[in-house]
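Peer 1: sequence and predicted structure, then a few things I'm wondering about:
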Amino acid sequence: MNAFVAIDLPAMLAALLALVACGTLGNWLVLRKETMTGDAIAHAVLPGLVAGYLIAGTHSAPAMFAGAAAAGVAAILLAGWVRRRTRLEPGAALGTVFTAFFAIGVTLLETGGARQVDLDPGCVLFGALETVFVVPPEGSHGLEGWLRGLPREVWTLAAAAAVAVAFHAAFAKELALLAFDREHARTTGGAPRWLEGAMLCVTSMAIVASFEAVGSILVIALIACPSLIAAPHARGIGARLGIGLATGALLAAAGYLLAAHAPSVFGTAHALNAAGMIATLLAAAVPCSFGVRALLSRRPA
């Protein structure tokens, strides 16, 4: 098994799955002009993640996902309450709440009782794509050995991506109603009242699954950028999602390869953080996409 298949391919697969999970759900947040909600959840789920571990007493994925989802929903509800009570702008209320939640999470993570959780502050903040590689079990070979040697992070991301795609497919019509006319959707019953809460829970799950790959700070790039990149060129929700994910996948692969081969590409002393490079390319692609659209619109028919 060569180095690319054992080291680079699993990391790129993890980045792609994180893109699908976060980008599919982030498309709806962008359409609803609630992109900062994704950032708020990315910061707010940390105390729930650690609390889930402390309550379960073990590295239990269901408990940690449940705690993270609960923390994400609680942060959004608390931000709404703060906005109503103080008349702050929605962005200011969100910023206040998710900063407090993130600080609580880091404090819990640094306490003696929480240090056994399989996360560290650097991983939470910046991700660790570089550590996602295949270790085939002894005696296994070929594709079977590669699949059996995939780390837990890849399988977790695969499950999150599958749930995100299934959620989108099952509720696309209702989510579109909420995105473009929330009051009409609620008045006519076109979208169930529980759907927004379910959306927050599924988004929290996708974000938690992406922690070890891209980090809580950089996950917002996967949530917002694919949809924003596709916005100038797509004429429908489906096209916007498809263009965004396809472009994001190319940029994710390019970002990983540039980071991994930084010594030869940029002349650095060592490789760069892959998640950071991917986020940089995604962010840079947003204004470039709008610039390309502006240039095309000026061309004579």
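Peer 2: Nice, thanks for sending it over.

Peer 1: pLDDT weak spots in the protein?
Peer 2: Within the chain, the ranges that satisfy pLDDT under 70 run 1, 59-61, 112-125, 186, 212, 217, 300-301.

Peer 1: helices of this structure, start to end?
Peer 2: Applying DSSP state H to the chain gives helices spanning 3, 9-31, 35-56, 61-86, 90-110, 121-126, 142-148, 152-180, 182-188, 194-214, 219-230, 237-260, 262-265, 274-298.

Peer 1: turn these into JSON lines, columns for mean neighbour count and distance to residue 132.
Peer 2: C-beta here means a position set from N, CA and C on the backbone, and glycine is covered the same way. Output for the helices of the chain, formatted as JSON lines (neighbours: other CB atoms under 10 Å; distance: least, CB to CB, whole Å):
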{"stretch": "helix 3", "mean neighbour count": "9", "distance to residue 132": "14"}
{"stretch": "helix 9-31", "mean neighbour count": "25", "distance to residue 132": "5"}
{"stretch": "helix 35-56", "mean neighbour count": "24", "distance to residue 132": "19"}
{"stretch": "helix 61-86", "mean neighbour count": "19", "distance to residue 132": "17"}
{"stretch": "helix 90-110", "mean neighbour count": "18", "distance to residue 132": "21"}
{"stretch": "helix 121-126", "mean neighbour count": "16", "distance to residue 132": "12"}
{"stretch": "helix 142-148", "mean neighbour count": "12", "distance to residue 132": "13"}
{"stretch": "helix 152-180", "mean neighbour count": "17", "distance to residue 132": "6"}
{"stretch": "helix 182-188", "mean neighbour count": "13", "distance to residue 132": "38"}
{"stretch": "helix 194-214", "mean neighbour count": "24", "distance to residue 132": "7"}
{"stretch": "helix 219-230", "mean neighbour count": "27", "distance to residue 132": "15"}
{"stretch": "helix 237-260", "mean neighbour count": "20", "distance to residue 132": "10"}
{"stretch": "helix 262-265", "mean neighbour count": "12", "distance to residue 132": "18"}
{"stretch": "helix 274-298", "mean neighbour count": "17", "distance to residue 132": "9"}
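
Peer 1: can you put these in JSON lines and add distance to residue 134?
Peer 2: Below are these laid out as JSON lines (distance: least, CB to CB, whole Å):
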{"stretch": "helix 3", "distance to residue 134": "11"}
{"stretch": "helix 9-31", "distance to residue 134": "5"}
{"stretch": "helix 35-56", "distance to residue 134": "26"}
{"stretch": "helix 61-86", "distance to residue 134": "20"}
{"stretch": "helix 90-110", "distance to residue 134": "28"}
{"stretch": "helix 121-126", "distance to residue 134": "19"}
{"stretch": "helix 142-148", "distance to residue 134": "6"}
{"stretch": "helix 152-180", "distance to residue 134": "9"}
{"stretch": "helix 182-188", "distance to residue 134": "45"}
{"stretch": "helix 194-214", "distance to residue 134": "15"}
{"stretch": "helix 219-230", "distance to residue 134": "23"}
{"stretch": "helix 237-260", "distance to residue 134": "15"}
{"stretch": "helix 262-265", "distance to residue 134": "22"}
{"stretch": "helix 274-298", "distance to residue 134": "16"}
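
Peer 1: who's in contact with residue 226?
Peer 2: Contacts for residue 226 were tallied using CB atoms under 8 Å, 6 or more residues apart in numbering; they are 19, 23, 26-27, 241, 244-245, 247-248, 282.

Peer 1: nearest to residue 200 among these?
Peer 2: Distances from residue 200 to the contacts of residue 226, taken as CB to CB, are shortest for residue 26 (12.7 Å).

Peer 1: tell me how far that closest one lies from residue 145.
Peer 2: Counting by CB to CB, to the nearest Å, the separation of residue 26 from residue 145 is 34 Å.

Peer 1: quick one: end-to-end length of stretch 137-148, please.
Peer 2: Start-to-end span of stretch 137-148 (CA to CA, to the nearest Å) is 7 Å.

Peer 1: now what about it, what contacts it?
Peer 2: Residues outside stretch 137-148 that contact it (CB under 8 Å, 6+ apart): 1, 5-6, 134, 136, 149.

Peer 1: separate out the buried members of those.
Peer 2: Listed as buried from the contacts of stretch 137-148 are 6, 134, 136, 149; burial here means 16 or more other CB atoms under 10 Å.
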